[in-house]
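Visitor: got a sequence here, can you model it:
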Amino acid sequence: MQPSQQTRDDEWSNLLLKVGRDRDRQAFERLFAHFAPLIKGFQFSRGGQSSAPEAADELVQEVMFRVWRKAPSFDPEKAAASTWVFTIMRNCRIDALRRASRQPDTDDSLEVEDIWDESSDNQPLVYLQQSRNRTSVTEGLSSLPAEQSHVIEKAYLEGKSHSEISAELGLPLGTVKSRVRLALKKLQSTLVR
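Guide: As a prediction, this is how the structure comes out:
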């Protein structure tokens, strides 16, 4: 057997195999705790606009989501767990850079006033615009991944704080904030055309 084709028996490879084979959440939590700071550190080391804390959090969420989803395809005979995870990270980062280069750079964030006119005028034009916007918002929410639309509904329809959502759903506060941020970005691209 060649050294490059040996089956790896290190802790991270074994955990990744458990995640892939058994969907073991505890094994995934340990992988997340180990790799998340490394992914963030890599993102921060790149400098520039991509070193914003939000970009690092988004990269961690995207990478670890893909690790969970693709874990059944991990083969310890082909690569170490760290190599496999960092390859996913590199691909996620390239995807994010491509998306960023296709979208115009705007500092304008989506505000409620941008899609909902609450003026006291009872004019038909206001009602027509509200009706169109209601349809756009409904379509936008339905296009989001379930975990993102769920936190958006809790935050904006139920009026809950990020901390309350975190406690209710049993998610880390950073995950809730990241999901809200990602959802709002997707909604912004959908609603502001």
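Visitor: give me the domain ranges for this structure.
Guide: As recorded under automatic domain parsing, the domains making up the chain are 3-102, 112-191.
Visitor: mean neighbour count and mean pLDDT added to those, as CSV?
Guide: C-beta: built from backbone N, CA, C; applies to glycine. CSV is the format used below for the domains of the chain (neighbours: other C-beta atoms under 10 Å; pLDDT from 0 to 100):
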stretch, mean neighbour count, mean pLDDT
domain 3-102, 15, 84
domain 112-191, 15, 74
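Visitor: the helices in this protein, which residues?
Guide: Taking DSSP state H, the helices of the chain run over residues 11-22, 25-45, 53-70, 81-102, 112-115, 124-143, 146-152, 162-169, 173-191.
Visitor: next up, the contacts around Glu147.
Guide: Arg179 (C-beta atoms under 8 Å, 6 or more residues apart in numbering).
Visitor: off-centre distance for stretch 70-77?
Guide: 22 Å (C-alpha atoms, centre = their mean, to the nearest Å).
Visitor: how far does that stretch stretch from start to finish?
Guide: Stretch 70-77 has an end-to-end distance of 16 Å (criterion: C-alpha to C-alpha, to the nearest Å).
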